[in-house]
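Colleague: Please work out how this folds:
(chains A, B and C)
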Amino acid sequence: MAETAPISADFAPWEAPDAKPIIQFKNVTKRFGDFTAIDDLTIDIFPQEFFSLLGPSGCGKTTMMRMLAGFESPTEGTILLDGQDIAPVPPNKRAVNMMFQSYALFPHLSVSDNIAFGLKRDGLSKDKIADRVEEMLKLVQLSQFASRKPHQISGGQRQRVALARSLAKAPKLLLLDEPLGALDKKLRQETQFELMDIQEKTGTTFVIVTHDQEEAMTVSSRVAVMDHGKIIQVATPQQIYEEPNSVYVADFIGDVNIIRGTAKRADGDHVHITFAADHAPLIAATKRDIAEGSEVALAIRPEKIAISTEKPEDRNNAIQGKVLDIAYLGNISTYHVELPGGAVVKAQTANTRRVHRRSFTWDDSVWLSWTDTAGAVLVE
Amino acid sequence: MRRLSWFNTVSLTLGFAFLYIPMIILVIYSFNAGKLVTVWTGFSTKWYGELFQNEAFLNAAWVTLKVAVISSTFATVLGTMAAYVMVRGGRFYGRTLFSGMIYAPLVMPEVITGLSLLLLFIAIGLDRGTLTIVLAHTTFSMCYVSVVVSSRLVTFDRSLEEAALDLGCTPFDAFKSVTLPIIAPAVISGWLLAFTLSLDDLVIASFTSGPSSTTLPIKIFSAVRLGVSPEINALSSIMIGIVAFGVITTSLMSKRAITRRQAEENKAVQ
Amino acid sequence: MRRLSLISVPYLWLLALFLVPFLIVLKISLSDTALAIPPYTPTLDLSQGWAGLAQWWAGLDMENFWFLAEDNLYWKAYLSSLKIAVTSTLLTLLVGYPIAYGMTRAPDEWRPTLMMLVILPFWTSFLIRVYAWKAILSQEGLLNQLLMNIGLISEPLIILNTNLAVYIGIVYTYLPFMVLPIFAALDRLDGSLLEAAEDLGCSRLTAFWLVTMPLSKQGIIAGSFLVFIPAMGEFVIPALLGGSKTLMIGKVLWEEFFSNRDWPVASAVAVILLLLLIIPIVLFQRNEEKQREAEG
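Modeller: Alright, predicted model coming up:
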């Protein structure tokens, strides 16, 4: 996972007590008939954030976005934009613009007419519109395609036209619904950085809906992981990955091993987790208050687990197991190791050496080891 | 590549021969010099000349054209509205009745539609004439328009309208500047369908027309009921010619537009 | 507000010019014939208030329907319409299916042309297309001339003014309605299904019978209803091509109305025709819905 800082490292208005949020969801519930799409949701989003709503389809992320755009209204609760309740404001009067998943480019209008569309509604003068369109075309590097129709340009270019069109009115808030979903993987990665660049240049607050966790992690200042109409965790990408607050979040983001067991309080910040009767308990550091004897899960990322033939002496946790399977992914290899109790744990190593000189293979007996701070202790 | 078997070739040949030979014969015999339409006596265009001398036919043609233009225009407006209500209206009181009234005229026998409209016009004391034919034609052809337009609206990407709203359009603005231009081909074919239905209609027009407003089909019907006449052949040939010209040009034009579009799309991807 | 006017304009139009007229037909079918203008009684006289309404209501009866039930002319007309409509629907299917099938087997570049050739007659005047057959089918017509010239027959066949001419007319005019839905259904059919069937041991013919036919069922059903329903109430074809012995209910209704000026009986004929058509119409709608669901 690339760790890039789109915004300066100390940009964290959500930690500043006096920062004024641009959007506030206050106990918002949205029901469609019997189905609850959004369930009593409260959250603040701050100016210039690049905020991601991440979750599987049907988790309510798109509904949240459509409520911000004005295409749905909350069943209960209020949504404030700059401190104002936006419920009575129709979509065409909101200082919010949206980039649609399908891009929704008007097929009968040229690229520049698409970008000018919103500006014309504002009744700007012709010169001003032309200037602004040119500025936007330059921003997305499409100046030479201005007179083309949407079907005459490529998918990546269409995506940029959609972005330019939604940014042309300089909205306070830009909503992006799966903005990169229709692009192929390589183009998506390039465009992610472009998107971050544009967000930084324009200083617009971006709220993006995505089901692609890698995309959310790359671009966002904060990520909200959603499930069944609720936000499970809101945090920076790093926190989400390193300190998930639940098995759901840990499992949703990246690859993870979940080892379940019974907790026993140890000295200071540590707990001992008994996961198998005939094995010494695992030692894990946690800041959480874990009750004695409670059921916990240790979530540990495969790349944090070392694999070796000899038992390492410098790590708190070491378990012996048998190599069941090896998945070679080029830059890394994932080893599936069976523990004595039958559980399978994944461990990853970087392939710094040629494969044929690998030190272990199928059915080898190996040691897995990790430090006390490598995993997160989660209570279910 | 698919290949036609002898069976396919024969069935296509016979099928299209069946469809076209009667019309071809009709056109050929319109140039017959003789009075009989079954015995060829030589080439002549005199029946066309006589047709254009026949004031009754010319009057009927004028009435028909007037009715067709007016009623198909009204039908297009009403039918497009109805299609919009059907596809986008959501739930409203009496929706089932509404969709029933849209679809029923499509399958209703023309004799019943004609009879019921005539009885209505008599009940409200409306004199039969051009107006009553226009009302009748508008009513049944708006249903055809609404079916054509709503099948286009169903596949219409709704986010285009939402994008227009999002960029500051009022709902009416969004319809005018985004939806309408995009569904225009369907609206136009709806209009053309309504227009030809009106031109073609005999039964409903017979019920709803008055003595001063005889339409061309009524005129043709009363003439051919008695037998065949070369003048009618000439008139029919003209009508077939106009339709063939219209259908062939539009289909060639749309074919070319599709080819061009595909070429452009291929270029864009590269 | 705007939404309300959008709904109410076409709604009110259809109420006034479709539903209300039909209710009037229903009402008149319950009235009695009279030598008056309008030629039926009772007429609703609202100036007399409730008494007028009550008198009007009391005057309505089922007499016309009893009349229709007793006179076997009407029974025969309904049955003969049914027979003609069913027979000509089957004939249209027999003629239309091979055409639709041939179209799907034709090379891609022919398709737009073939489609256009099927649609073109649909845009051409119905009346003219029926009329075209008069010159062909008459006793001294082109068909008889041809058959006699090649020596197949010595006496001219009598086709015009018989039911056979009506069948030909219906098949001819409604053929595009049969071909298009079947073509649409066959066109959706994935070619690899037939290859799979042959791969699993079917001959071409059994593959057609076991795969193509069942999968084009919806198209066949849709096409058959599109031919059957209008054929049932057909007026122009029996009037132009049929003889005096051709009984079709559309023609009977027309004559009751225009020749006999018996409005109540004509209305009763219309009401019964509609009741007969409701079943196929409902079945047709259900078939369409099923198809729409299948397409997702």
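
Colleague: Wait, A:I43 touches A:I231, no?
Modeller: Yes - with contact defined as C-beta atoms under 8 Å, A:I43 reaches A:I231; the gap is 6.1 Å. In this view, the C-beta of every residue, glycine as well, is placed from N, C-alpha and C.

Colleague: Can you pick out the residue with more neighbours from the two?
Modeller: Neighbour count, other C-beta atoms under 10 Å in any protein chain shown: between A:I43 and A:I231, A:I231 has more, with 22 against 18.

Colleague: Next, that one: secondary structure please.
Modeller: Using DSSP: H, G, I helix; E, B strand; the rest coil, the three-state assignment for A:I231 comes out as strand.

Colleague: For it, give me its contacts.
Modeller: Shown in contact with A:I231 (C-beta atoms under 8 Å, 6 or more residues apart in numbering or on different chains): A:L41, A:I43, A:A224, A:V225.

Colleague: Which residues are in contact with the residue of chain A at minimum distance from chain C?
Modeller: In chain A, no residue comes nearer to chain C than A:P90, which is 12.4 Å away by C-beta to the nearest C-beta. A:P90 makes contact with A:G70, B:L165 under the criterion C-beta under 8 Å, 6+ apart.

Colleague: which parts of stretch B:222-231 are buried?
Modeller: Neighbour-count burial for stretch B:222-231 flags B:A223, B:V224, B:V228, B:S229, B:P230, B:E231 (criterion: 16 or more other C-beta atoms under 10 Å in any protein chain shown).

Colleague: Pick out the lowest-pLDDT one from these.
Modeller: pLDDT is lowest at B:V228 among the buried residues of stretch B:222-231; the value there is 76.

Colleague: which non-adjacent residue is nearest that one?
Modeller: Residue nearest to B:V228 in three dimensions, not counting chain neighbours: B:V37, with 4.5 Å by C-beta to C-beta, 6 or more residues apart in numbering or on different chains.

Colleague: Which of the three states applies to the one you found?
Modeller: coil.

Colleague: Ramachandran angles for it?
Modeller: Backbone torsions of B:V37, given as degrees, to the nearest 10, read phi -90, psi 10.

Colleague: hang on, it packs against B:E231?
Modeller: No - using C-beta under 8 Å, B:V37 makes no contact with B:E231, being 9.9 Å away.

Colleague: one step back: now tabulate the contacts of A:I231 in a markdown table and tack on pLDDT, distance to B:S212 and secondary structure.
Modeller: Below are the contacts of A:I231 laid out as a markdown table (pLDDT from 0 to 100; distance: C-beta to C-beta, whole Å; DSSP: H, G, I helix; E, B strand; the rest coil):
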| residue | pLDDT | distance to B:S212 | secondary structure |
| --- | --- | --- | --- |
| A:L41 | 93 | 70 | strand |
| A:I43 | 94 | 73 | strand |
| A:A224 | 95 | 74 | strand |
| A:V225 | 95 | 77 | strand |
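
Colleague: could you dump the residues you listed to a markdown table with distance to chain C?
Modeller: Output for the contacts of A:I231, formatted as a markdown table (distance: C-beta to the nearest C-beta, whole Å):
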| residue | distance to chain C |
| --- | --- |
| A:L41 | 30 |
| A:I43 | 33 |
| A:A224 | 32 |
| A:V225 | 31 |
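
Colleague: Return the closest of those residues with respect to B:F195.
Modeller: Closest approach between these and B:F195, by C-beta to C-beta: A:L41, at 54.2 Å.

Colleague: Relative to C:I272, how far out is that closest one?
Modeller: 61 Å (C-beta to C-beta, to the nearest Å).

Colleague: Kindly report the same for C:R2.
Modeller: 43 Å.

Colleague: now the helices for the stretch 101-250 of chain B?
Modeller: B:110-123, B:130-154, B:158-166, B:171-174, B:180-200, B:203-208, B:216-226, B:230-269 (DSSP state H, counting those that start in this stretch).

Colleague: Mind telling me which of those the model trusts least?
Modeller: helix B:230-269 (a mean of 86).

Colleague: what comes up buried for it?
Modeller: Within helix B:230-269, the residues scored as buried using 16+ other C-beta under 10 Å are B:230-240, B:243-244, B:247, B:251, B:268.

Colleague: do stretch A:97-107 as well
Modeller: For stretch A:97-107, burial by neighbour count (16+ other C-beta under 10 Å) applies to A:N97, A:M98, A:M99, A:F100, A:Q101, A:S102, A:Y103, A:A104, A:L105, A:F106.

Colleague: Would you mind measuring the gap between the ends of it?
Modeller: 19 Å (C-alpha to C-alpha, to the nearest Å).

Colleague: what's in contact with that stretch?
Modeller: If you take C-beta under 8 Å, 6+ apart as the criterion, stretch A:97-107 is touched by A:65, A:69, A:113-114, A:117-118, A:149-151, A:158-159, A:161-163, A:165-167, A:169, A:171, A:173-179, A:181-182, B:157, B:159-160, B:162-164, B:166-167, B:178, B:182.

Colleague: Report the rounded mean pLDDT for it.
Modeller: If you average the pLDDT values across stretch A:97-107, you get 93.

Colleague: State the distance from C:P176 to C:I221.
Modeller: C:P176 is 17 Å from C:I221, where distance means C-beta to C-beta.

Colleague: Neighbour count for these two, which is higher?
Modeller: Under the criterion of other C-beta under 10 Å, the comparison of C:P176 against C:I221 puts C:P176 first, with 23 against 20.

Colleague: pLDDT weak spots in the stretch 1-150 of chain C?
Modeller: C:1, C:34-38, C:41-49, C:51-52 (pLDDT under 70).

Colleague: Now do the contacts for the closest residue to chain A within it.
Modeller: Among all residues of the stretch 1-150 of chain C, C:R2 sits closest to chain A, at 12.4 Å; criterion: C-beta to the nearest C-beta. C:R2 makes contact with B:P171, B:F172, according to C-beta under 8 Å, 6+ apart.

Colleague: number of nearby residues for A:W362?
Modeller: Neighbour count for A:W362, taken as other C-beta under 10 Å: 10.

Colleague: With adjacent residues omitted, what lies nearest to it?
Modeller: The shortest distance from A:W362 to any non-neighbouring residue, by C-beta to C-beta, 6+ apart, is to A:V323 (5.6 Å).

Colleague: No more questions from me, cheers.
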